[in-house]
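**Student:** Please find the sequence and the predicted model below.
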Amino acid sequence: MSRRTLVALIIAGQLLFMAGLIARQEYKWRAWRTIQLRVVPLDPVALFRGRYVHLTYDFSVLSARGEDWKRGETVYVRLKPQGDGTWKAAEVSRTLDQQPEEVLLRGMVVHAYGGRVFLRTGIESYFMSERKAPEIERLSPQKYDMRVDVAVSNDGRAALKQLYIDGIPAEDFQPRPRE
């Protein structure tokens, strides 16, 4: 095999790999059910991935209620629709016993202590531009309505689609002048 053919194969392989990643994400966004959740943002930096907004949810920290939760354990957060178009956590379970009208998010126990359980569901990081992420982090959740669209599969896997502030995509949002 010539050097030119080898280089072409390597480049083609990389392009196919990247196209596969994009197709996988597009599939999640189109095929999975989309729900909206309320969030509270933070603004950390990942050294190799760039600036992102860390999102917390009403189910990120829950009361343990006397149960013995283990680190790394898979759990399912049962979500119920609210009157404002968002979904809210109703309970956490160890089993995937989903009713047709319900949405379950699969999560993992990060740690449990002090009567509280800390969960991770894989929808905690929303990557943004270097300029925009710090602006979003400084916004008060009491002053602005912050929500995300999340695609959820039947087995509870989730993928973030879009972060909104007062109904405007975060990348296009301009904060109000201070009053």
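**Tutor:** Arrived safely.
**Student:** Tell me the buried residues in the longest helix anywhere in the chain?
**Tutor:** Taking DSSP state H as the criterion, the chain has its longest helix at helix 3-31. By 16 or more other C-beta atoms under 10 Å, the buried positions in helix 3-31 come out as Lys28. C-beta coordinates here come from the backbone N, C-alpha and C atoms, glycine included.
**Student:** same question, stretch 139-150
**Tutor:** Judged by neighbour count (16+ other C-beta under 10 Å), stretch 139-150 contains these buried residues: 139, 144, 146-150.
**Student:** I'd like the mean pLDDT over that stretch, please.
**Tutor:** On average, the pLDDT along stretch 139-150 is 86.
**Student:** Send me it as PDB with only the CA atoms.
**Tutor:** Provided in PDB are the C-alpha atoms of stretch 139-150 (Å, rounded to 0.1, in the frame of the first residue of the first chain):
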ATOM      1  CA  LEU A 139     -27.400  35.600  36.000                       C
ATOM      2  CA  SER A 140     -29.600  35.200  39.000                       C
ATOM      3  CA  PRO A 141     -32.000  32.200  38.800                       C
ATOM      4  CA  GLN A 142     -34.400  34.300  40.900                       C
ATOM      5  CA  LYS A 143     -34.400  37.100  38.300                       C
ATOM      6  CA  TYR A 144     -34.300  35.000  35.100                       C
ATOM      7  CA  ASP A 145     -36.300  31.900  34.000                       C
ATOM      8  CA  MET A 146     -33.700  29.300  33.000                       C
ATOM      9  CA  ARG A 147     -34.700  26.100  31.300                       C
ATOM     10  CA  VAL A 148     -33.200  23.400  29.100                       C
ATOM     11  CA  ASP A 149     -34.700  21.200  26.400                       C
ATOM     12  CA  VAL A 150     -33.600  17.600  27.100                       C
END
